[in-house]
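**Student:** Sequence and computational prediction follow.
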Amino acid sequence: MAEPNRKHAVSDWKRVKSEAAQNAPIAHTATDSPYDPNDAAAVTAYWQQASINAALREAVAHGLTKA
C-alpha cells in the first residue's frame, strides 16, 4: 500500500533527454559498479551470468521493463 504523505520523485525529462542525446560516456570508477557501463562486452558478460529473480522475469514477460 502506498504511503499517503510520500512525494514521488520527479525527473527532469528535458535534461534526461538532452543528456541521452549527447551520447556521452557514463562516469564510472571501479567502486561504482561490478562492470563498466561504457563497455558493451562487460555489460553483456555481467548480465549473462547474473541471477534474475522471478519478479523481474514476470515484469519483463509483461513488457513492464527490459532486462
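**Tutor:** Received, thanks.

**Student:** sec struct for residue 44, please.
**Tutor:** helix (DSSP: H, G, I helix; E, B strand; the rest coil).

**Student:** Run through the residues that contact it.
**Tutor:** Residue 44 makes no contacts at all, as judged by Cβ atoms under 8 Å, 6 or more residues apart in numbering. C-beta: built from backbone N, CA, C; applies to glycine.

**Student:** now it: how far from residue 62?
**Tutor:** When Cβ to Cβ, to the nearest Å is the yardstick, residue 44 and residue 62 sit 24 Å from each other.

**Student:** what's the answer for residue 43, then?
**Tutor:** Per Cβ to Cβ, residue 43 is found 24 Å from residue 62.

**Student:** Neighbour count for those two, which is higher?
**Tutor:** A count of neighbours by other Cβ atoms under 10 Å puts residue 43 above the other of residue 43 and residue 62, at 14 against 8.

**Student:** can you pull the contacts of the nearest residue to residue 42 once chain neighbours are set aside?
**Tutor:** Closest residue in space to residue 42, ignoring its immediate chain neighbours: residue 35 at 4.2 Å, by Cβ to Cβ, 6 or more residues apart in numbering. By Cβ under 8 Å, 6+ apart, residue 35 lies in contact with 42, 43, 45, 46.

**Student:** what do you get if the cut-off is 6 Å, keeping everything else the same?
**Tutor:** Residues in contact with residue 35 (Cβ atoms under 6 Å, 6 or more residues apart in numbering) are 42, 43, 46.

**Student:** count of residues packed around the last one?
**Tutor:** Going back to what we said before, that points to residue 46. 15.

**Student:** can you pull the contacts of it?
**Tutor:** So residue 46 contacts residue 35 (Cβ under 6 Å, 6+ apart).

**Student:** That one and residue 53, how far apart?
**Tutor:** 16 Å.

**Student:** Brilliant, that's me finished.
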